[in-house]
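A.B. asks: With the sequence up front, the predicted model follows.
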Amino acid sequence: MDQYQYLLVLAACLALTLPLEILLGARVWRRPVRLVLTLLPVVVIYSIWDILAIEVGMWDYSERFTTGILLPFDMPIEELAFFVVVPICGLLTLEAVGNVLAGIRAVRSGTPVREAAQLVRRGTR
């Protein structure tokens, strides 16, 4: 079971932030093109950086906590998953917080609380 710990932590991160899409209108998954365009430079740049760091011996990965599935240039698949999952979790959180703050601003400006809550859930800022 140890070999799946890295992937399990990433799955837990996604599981904890996915409700933000529905409950607080994050709208990250509902805009797939925008999500891919946001992730692409992050994944490419950090993958290159990671591969170079592995290549020069700056760091490596524990075989005990990874599956052993390696991508080209000996990059563990868990590392690629990290470069996708963590930014998605960050985007979900950022969008949800922005929606909550917009709801608070709406209430402060006189919008009824119930109406402001509906705006938050729809992701309308």
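C.D. replies: Nice, I can see it.
A.B. asks: from here on, contacts and neighbour counts on C-alpha atoms
C.D. replies: Noted.
A.B. asks: for the protein, which spans come out with low pLDDT?
C.D. replies: Low-confidence segments of the chain, defined by pLDDT under 70: 124-125.
A.B. asks: now do 50
C.D. replies: Applying pLDDT under 50 to the chain flags no residue at all.
A.B. asks: As a check, name the ranges of all helices in the protein.
C.D. replies: Secondary structure of the chain (DSSP state H): helices located at 5-17, 19-23, 32-55, 77-108, 113-122.
A.B. asks: Among these, which comes closest to Gly68?
C.D. replies: Nearest to Gly68, of all the helices of the chain, is helix 77-108, at 8.1 Å by Cα to Cα.
A.B. asks: just checking, what packs against the closest one?
C.D. replies: On a contact count with 3 or more Cα pairs under 8 Å, 6 or more residues apart in numbering; DSSP states H and E, helix 77-108 meets helix 5-17, helix 19-23, helix 32-55, helix 113-122.
A.B. asks: OK, contacts around the residue most central in space within the chain?
C.D. replies: For the chain, the residue sitting closest to the mean C-alpha position, by Cα atoms, centre = their mean, is Ile88 at 2.0 Å. When contacts are counted by Cα atoms under 8 Å, 6 or more residues apart in numbering, Ile88 touches 14, 28, 39.
A.B. asks: As a quick check, tell me the outermost residue of this protein.
C.D. replies: Most peripheral residue of the chain (Cα atoms, centre = their mean): Gly110, 33.7 Å.
A.B. asks: From Gly123, how far off is that one?
C.D. replies: Remark: distance between Gly110 and Gly123 (Cα to Cα, to the nearest Å) = 19 Å.
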